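Novice: sharing a model prediction with you, sequence too.
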Amino acid sequence: MLFYNVCYDTSMNGRRADRDRAKPERSDALDAATDAVLLASRVLVGIAAQSLAATEAQITLPQYRALVVLGTRGAQTVGTLADTLGIHPSTLTRLCDRLIAKRLIDRETSPENRREVILTLSEPGRALVRAETASRRRAIRKLVARFDHATQQEISHAFGALADAAGEVPHHAWKLGWTA
């Protein structure tokens, strides 16, 4: 195929050859970036699992993710939270029943629509998320401290862009009590 492109491109002053050669590089870069993020996610999930295992509340990663979403985005209907987490509303209802039993979230009927249920993070839930975030932050800081300053800046930029692409609320905004 490359031979065909090179021969074909002589009539187009080489423009097509440049474009065709760039495609595999873009694909290679995308694959390499995907693999790097996947590897980093395994490291971060390991830190998260280790942190959650140490908590007295004994919650699962999906339960913790629900708490974080409620903490960063504020009160949510069951349907909205289920969509955000990518799970079926009935699965979320069972997950929330467990969090309510642990007094980590509150559930109430929407004043606008009695058929809708509104979920909010309780004060103990907020305290748990803060404690977990602090624990993870210490573990991640220890890991990132191994890199030189320039690499730390690259990590900050890359992960900031990743969080933006995923629609995550910045940690400092959550820390200040701001929600999206």
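Specialist: That came through, no problem. Numbers count the residues shown, from 1 in each chain.
Novice: number of residues surrounding residue 73?
Specialist: 18 (other C-beta atoms under 10 Å). Placement of C-beta: from N, CA and C, glycine included.
Novice: can you give me the buried ones in stretch 96-114?
Specialist: 96, 99, 102, 104, 105, 106 (16 or more other C-beta atoms under 10 Å).
Novice: for it, the distance to its chain's centre please.
Specialist: 23 Å (C-alpha atoms, centre = their mean, to the nearest Å).
Novice: same question, stretch 76-83
Specialist: The answer for stretch 76-83 is 17 Å, by C-alpha atoms, centre = their mean.
Novice: tell me the helix or strand right after the top helix by length along the chain.
Specialist: Scanning the chain for the helix with the most residues, using DSSP state H, yields helix 15-53. Elements were assigned by DSSP states H and E; along the chain past helix 15-53, the next helix or strand is helix 61-73.
Novice: which residues outside that following helix are in contact with it?
Specialist: 45, 48-49, 52, 59, 76, 81, 84-85, 87, 92, 95-96, 98-99, 104-105, 119-121, 125-126, 128-129, 132, 168-169, 173-174, 179-180 (C-beta atoms under 8 Å, 6 or more residues apart in numbering).
Novice: restricting to C-alpha, output it in PDB.
Specialist: Extracted in PDB, the C-alpha atoms of helix 61-73 (Å, rounded to 0.1, in the frame of the first residue of the first chain):
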ATOM      1  CA  LEU A  61     -15.500   1.400  44.600                       C
ATOM      2  CA  PRO A  62     -18.900   1.900  42.900                       C
ATOM      3  CA  GLN A  63     -20.400   3.100  46.200                       C
ATOM      4  CA  TYR A  64     -17.500   5.500  46.600                       C
ATOM      5  CA  ARG A  65     -17.900   6.800  43.100                       C
ATOM      6  CA  ALA A  66     -21.500   7.500  43.800                       C
ATOM      7  CA  LEU A  67     -20.500   9.500  46.900                       C
ATOM      8  CA  VAL A  68     -17.900  11.400  44.900                       C
ATOM      9  CA  VAL A  69     -20.400  12.300  42.200                       C
ATOM     10  CA  LEU A  70     -22.900  13.500  44.800                       C
ATOM     11  CA  GLY A  71     -20.100  15.500  46.500                       C
ATOM     12  CA  THR A  72     -18.900  17.200  43.300                       C
ATOM     13  CA  ARG A  73     -22.200  17.600  41.400                       C
END
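Novice: sounds good, over and out.
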